[in-house]
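*Asks:* Predicted model and sequence below, questions to follow.
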Amino acid sequence: MRPVGSKYLLEEPLGRGATGTVWRARQRETAGAEAAVAGQPGETVAIKVLKEELANDADVVMRFLRERSVLLRLTHPNIVRTRDLVVEGDLLALVMDLVDGPDLHRYLRDSGPLSPVAASLMTAQIADALAASHADGVVHRDLKPANVLLKTDADGQMHPMLTDFGIARLADSPGLTRTHEFVGTPAYVAPESAEGRPQTSAVDVYGAGILLYELVTGRPPFAGGTALEVLHRHLSEEPRRPTTVPEPLWTVIERCLRKEPGERPSAENLARGLRTVAAGIGVHANAAQVDAALGVAALLAPDPAPAPVPQAPGAADPTQVLPNTGGPSYDPSAATSVMPQTGPPGGGADPTSVMPPVPPGDASRPEDPHPWQSQLRAARDRNEQTQVQYLDPNQDPLRRRPQRQAPQQPPQRQQRPPQRPQPQPYAQQPQRPQPQPYAPQQQPYAPPPQQPVPRPPREPRRRSANPVRIPGLGCLKGCLVMVVLFFIGGWLIWELTPLQDWIAEGKSYWDALGDGISTVTDWISTIGEAKDTADQIQNQQ
């Protein structure tokens, strides 16, 4: 359950539409003086929560607050009353009376079309609701069966209730709609709405005509595969009369579906004409009622002052033509006009202008820009021009690895083993110097010694999430853990099962365990004594 404001609590969704979601809600406390209906705690209501794109539009919020009084005072027996409006953060919601019943679209889908008399009487009540709203300057602009709820009265008769008043007006915002878009449903939109022309209360009469056609036939008069095709049929085609529609009723439908808004009847005259038709086409109609129904065209007078639909704030104004101030009129086929010369009277080119002299400056800073040179030009002149030439790959500092030169070591002297003095029988002769063995010298450009390639560091072994290992694989800890588990499991089996009654005859776990150990010990002792006895007998033999 989700709170809405401080007075309402959402319970469950009842339906979703193009502008928001309708919830079944409950009132937590009595509403204040700002609400049209105070209500009582625990009373069930319906709340329509508008979509986030509407609630996040500042223009919609301002219009929501500005038209609060208009929506709250709109009351009629055939209009779902708006009880309160909630503005809380990024949430906009309308609190309305809860109507327990299906909408007209679902009813037609489940039960099929209505009879001509029933369709006329139901549309007449809807026209009454439109007449009341037009008198307050509110145009619905989205009249369709889904926006008509069917309320069952105490006597079992269905009572149509028109809902979603003012929603289309709130949704018509420059941030949400464009010049080539319209507010409404394509199958029920008026031609002037599709073309973007100024709209009046006649758009609701057009929607009532399509609604009446659908009530009788079960489908709207204009349909198509795409919305563009449906709009094109609204603009260019005329509706065809079905064979099941009586002539007086078709006269009303045809007058409501006129392409020009000024030729459609007002909502009040439409309700009067539909009741006249319903009385004349019924089974018990007399001659006067039949004649009145056949002359219903005289009752369908247009509205002399239709309620206009206010323009959305921020919409583009139409192009205005500036008034003529007495000058020559613009001729698109005239010759190209020549601009007057701005040079010297002789008509020649402007003389070369002499630049101002360079002021004396500091000669030690020749990189300073010239006084009449731009900073960009001076910076470009100071930069060296990029030169493109061949570069030896071995000289490329990005590709050549730095090499260290091994330090030169002094040559080591070769030590001789000490020689023993030998007696010389003859006279000593001068000894020749023996040649020194060849010692290799360190070359100044010796290739650097090859350095061992370092091995990549070994990744640390990941420890398993379960450190316990399977017994028998050389892991002492795993074996001990498994022994403990078996010990605890045996104790649980002994205590939670009747095993002790079967084996130990009611003894406790520890007594039975001790008896088992004693039994095993006695058995082993018996085997040992038997073996010793056998050995003694064998020795005696």
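*Replies:* All right, it came through fine.

*Asks:* Pretty sure residue 482 sits in a helix.
*Replies:* Yes: remark: residue 482 belongs to a helix, assigned using DSSP: H, G, I helix; E, B strand; the rest coil.

*Asks:* Next, count neighbours for it.
*Replies:* Counted with other Cβ atoms under 10 Å, the neighbours of residue 482 add up to 16. Where C-beta positions appear, they are placed from N, C-alpha and C, glycine not excepted.

*Asks:* What's the per-residue pLDDT of it here?
*Replies:* For residue 482, the model assigns a pLDDT of 89.

*Asks:* how close does it get to residue 282?
*Replies:* Going from residue 482 to residue 282 by Cβ to Cβ, to the nearest Å gives 93 Å.

*Asks:* Just the element for residue 49, please.
*Replies:* Using DSSP states H and E, residue 49 falls within strand 44-50.

*Asks:* residues making contact with that strand?
*Replies:* Under the criterion Cβ atoms under 8 Å, 6 or more residues apart in numbering, residues 4, 8, 10, 14, 19-27, 39, 60, 80, 83, 86, 91-99, 164, 167, 170 lie in contact with strand 44-50.

*Asks:* quick one: the nearest residue to residue 185 once chain neighbours are set aside and residue 207, what's the gap?
*Replies:* Leaving aside its sequence neighbours, residue 185 sits nearest to residue 144 (Cβ to Cβ, 6 or more residues apart in numbering; 5.4 Å). From residue 144 over to residue 207 the distance is 7 Å, taken as Cβ to Cβ.

*Asks:* Neighbour count: these two, which is higher?
*Replies:* Higher neighbour count among residue 144 and residue 207: residue 207, with 26 against 21, using other Cβ under 10 Å.

*Asks:* Lowest-scoring secondary structure element of the chain by mean pLDDT?
*Replies:* Counting by mean pLDDT, DSSP states H and E, the chain has its least confident helix or strand at helix 375-382, which shows a mean of 54.

*Asks:* Double-check that residue 65 belongs to a helix.
*Replies:* Yes: residue state for residue 65 (three-state DSSP) corresponds to a helix.

*Asks:* The strand holding residue 49 pairs with which strands, parallel or anti?
*Replies:* Paired with strand 44-50 in the same sheet, following DSSP bridges, are strand 20-27 (antiparallel), strand 91-96 (antiparallel).

*Asks:* in the first one, what's buried?
*Replies:* For strand 20-27, the buried set under the neighbour-count rule, 16 or more other Cβ atoms under 10 Å, comprises 20-23, 25-27.

*Asks:* so who does the residue nearest to residue 297 when sequence neighbours are not counted touch?
*Replies:* Distance criterion Cβ to Cβ, 6+ apart; nearest residue to residue 297, sequence neighbours excluded, is residue 251 at 5.5 Å. Contacts for residue 251 (Cβ under 8 Å, 6+ apart) come out as 296-297, 300.

*Asks:* 10 Å - rerun?
*Replies:* 241, 245, 273, 277, 293-297, 299-300 (Cβ atoms under 10 Å, 6 or more residues apart in numbering).

*Asks:* that's a strand at it, yeah?
*Replies:* No: counting by three-state DSSP, residue 251 falls outside a strand, being helix.

*Asks:* quick one: pLDDT of it?
*Replies:* 96.

*Asks:* just residue 241 next, same as before
*Replies:* So, for residue 241, pLDDT stands at 93.

*Asks:* what ranges do the helices span in the stretch 51-200 of the chain?
*Replies:* For the stretch 51-200 of the chain, the helices defined by DSSP state H, counting those that start in this stretch occupy 52-55, 58-66, 68-72, 104-111, 116-135, 167-171, 191-195.

*Asks:* which parts of the third one are buried?
*Replies:* Along helix 68-72, these residues count as buried under the neighbour rule (16+ other Cβ under 10 Å): 68, 70-72.

*Asks:* what does the second one give?
*Replies:* Of the residues in helix 58-66, 59-61, 63-64 count as buried by neighbour count, 16+ other Cβ under 10 Å.

*Asks:* between these, which is nearest residue 263?
*Replies:* Ranking these by separation from residue 263, with Cβ to Cβ as the measure, puts residue 63 on top at 31.2 Å.

*Asks:* Quick check, the closest one in contact with residue 57.
*Replies:* Yes: with contacts counted by Cβ atoms under 10 Å, residue 63 reaches residue 57, the gap being 9.2 Å.

*Asks:* I'd like to know how far residue 56 sits from residue 92.
*Replies:* In terms of Cβ to Cβ, residue 56 sits 10 Å off from residue 92.

*Asks:* Give me the more crowded residue out of those two.
*Replies:* residue 92 (24 against 12).

*Asks:* Just the strands from the protein, written as ranges.
*Replies:* 2-4, 8-16, 20-27, 44-50, 82-88, 91-96, 148-152, 158-162 (DSSP state E).

*Asks:* which outside residues touch the shortest one?
*Replies:* Contacts made with strand 2-4 from outside it, assessed by Cβ under 10 Å, 6+ apart, are listed as 8-11, 23, 25, 28, 47, 49, 84, 86, 88, 91, 93, 95.

*Asks:* Lowest-confidence entry in these?
*Replies:* For the contacts of strand 2-4, the pLDDT minimum is residue 88, 81.

*Asks:* Filter the contacts of strand 2-4 down to the buried ones.
*Replies:* 8, 10, 23, 25, 28, 47, 49, 84, 86, 93, 95.

*Asks:* can you list the residues you listed in TSV and add distance to residue 232?
*Replies:* Formatted as TSV, the buried ones among the contacts of strand 2-4 follow (distance: Cβ to Cβ, whole Å):
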residue	distance to residue 232
8	44
10	41
23	38
25	42
28	50
47	38
49	35
84	42
86	41
93	37
95	40
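
*Asks:* isn't residue 18 right up against residue 53?
*Replies:* No: using Cβ under 10 Å, residue 18 makes no contact with residue 53, being 11.2 Å away.

*Asks:* Leaving out sequence neighbours, find the closest residue to residue 81.
*Replies:* Closest to residue 81 by Cβ to Cβ, 6+ apart is residue 97, at 5.0 Å.

*Asks:* count of residues packed around the residue lying closest to residue 308 once chain neighbours are set aside?
*Replies:* Distances taken as Cβ to Cβ, 6+ apart place residue 200 nearest to residue 308, at 5.3 Å, with adjacent residues excluded. Residue 200 has 21 neighbouring residues, counting by other Cβ under 10 Å.
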